[in-house]
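A.B. asks: Sequence and computational prediction follow.
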Amino acid sequence: MSEFKRIPPEQAQVLREQGAVVVDVRDPATFAALHISGSKHLDNHSLHAFIQGADLDAPTVVVCYHGNSSQGAAAYLISQGFSDVYSMDGGFELWRTTYPSETAQGSSE
């Protein structure tokens, strides 16, 4: 796969249940306040380490506020050798209304 795919929260949830890595590119304070359970926070400080330690073939779902910034981040991961990357349309805002019980508080897990 040479490009990321845009998916709705429902498909992201299926991938998540199948073991996909979920990464959140929102700012650290917003992530700490509430995020998708089990997701990892990515920013300019943690990105390099994440890429170095990642399984480049593992399904990876990128989440932001509303589904716009995640597209750029997903494209970047593809450019770094990731092969199965998804950008979640609607972002965390749509996720938390669709799956309110699938959220958590605190810093990166």
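C.D. replies: Thanks, I have it.
A.B. asks: any idea where the strands of the chain begin and end?
C.D. replies: Taking DSSP state E, the strands of the chain run over residues 5-7, 21-24, 35-36, 40-41, 60-63, 85-88, 103-104.
A.B. asks: which strands and helices sit next to the second one?
C.D. replies: Packing partners of strand 21-24 (3 or more CB pairs under 8 Å, 6 or more residues apart in numbering; DSSP states H and E): strand 35-36, strand 40-41, strand 60-63. Placement of C-beta: from N, CA and C, glycine included.
A.B. asks: for those strands, which one ends up most surrounded?
C.D. replies: Of the helices and strands packed on strand 21-24, the one with the most neighbours on average (mean count of other CB atoms under 10 Å) is strand 60-63, at a mean of 28.
A.B. asks: Packing partners of that strand?
C.D. replies: For strand 60-63, the elements it packs on are helix 9-17, strand 21-24, helix 69-79, strand 85-88, helix 91-98, judged by 3+ CB pairs under 8 Å, 6+ apart.
A.B. asks: Hmm, H66 and R26 touching each other?
C.D. replies: No - contact criterion CB atoms under 8 Å: R26 and H66 do not qualify, at 10.0 Å.
A.B. asks: how about CSV for the helices and strands packed on strand 21-24, with distance to A104 and mean pLDDT added?
C.D. replies: Listed next are the helices and strands packed on strand 21-24 as CSV, based on distance: least, CB to CB, whole Å; pLDDT from 0 to 100:
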stretch, distance to A104, mean pLDDT
strand 35-36, 6, 97
strand 40-41, 12, 96
strand 60-63, 13, 98
